[in-house]
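>>> give me coordinates for this.
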Amino acid sequence: MEKNKSKPKTRWHRLLGRMFKELLVPAGITVLTDVPVMSEPPEADILLLKKAQSRWTKEQKERLPDGIRDSGAKHILIEFKYSESINENVFRQVLCYDYLYKSGQELKDHEVQTFLTAAKTPRETTLKEFEYFPSEKSGVYHSKNLFLKNIPLILLNELSDKPHNAWIKCFASG
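Okay, the predicted model is just below:
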């Protein structure tokens, strides 16, 4: 009897990370993929952007999408969901990454900003359940939920057509 051969998992965060590297490393932003969030692995499927100075430069802001370009944190964690729907488990996962990275790196809340980025637009009921509401920037949502209030949600399908969003919108679903 043949064993069920599972299809290899597409590492969408690595593809997104590659694009981040191409665009952001020349502007002085460090981009890492498969970042250990604890001193002992497991590794998380997240992206990490690190800026050397306290503010984004003009050149860096020209390459960063809405939401991320507005963050003052030196460490930006990005959990990217390409094919997976946003649900309760995804929120648990991103909260875990946020907590473990901060504690593992001994960083304060203001030094790290974690973003949940989604190629698929979640159902309105999901946004309501987790108290996400649109910000002044199209496609960037914030939450009133006690646990998620510091984790913006970026919906690629809804980002504006401004040039700084164009490259990341390539990952949006139809």
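>>> which SSE is Tyr99 in?
Counting by DSSP states H and E, the element that carries Tyr99 is helix 88-105.
>>> now do that helix, average pLDDT.
For helix 88-105, the mean per-residue pLDDT is 94.
>>> buried ones in it?
Val90, Phe91, Gln93, Val94, Leu95, Tyr97, Asp98, Leu100, Tyr101, Lys102, Gln105 (16 or more other CB atoms under 10 Å). From N, CA and C alone the C-beta is placed, and that goes for glycine too.
>>> swap in stretch 132-146?
In stretch 132-146, counting by 16+ other CB under 10 Å, buried: Tyr132, Ser135, Lys137, Gly139, Val140, Tyr141, His142, Ser143.
>>> got it, and stretch 154-172?
Ile154, Leu155, Leu156, Glu158, Leu159, His164, Asn165, Trp167, Ile168, Lys169, Phe171, Ala172.
>>> list the contacts of the fourth one.
With contacts taken as CB atoms under 8 Å, 6 or more residues apart in numbering, Glu158 has the following neighbours: Thr121, Ser138, Gly139.
>>> ok, so of the residues you listed, who is nearest Tyr82?
Closest approach to Tyr82 among those (CB to CB): Thr121, at 12.9 Å.
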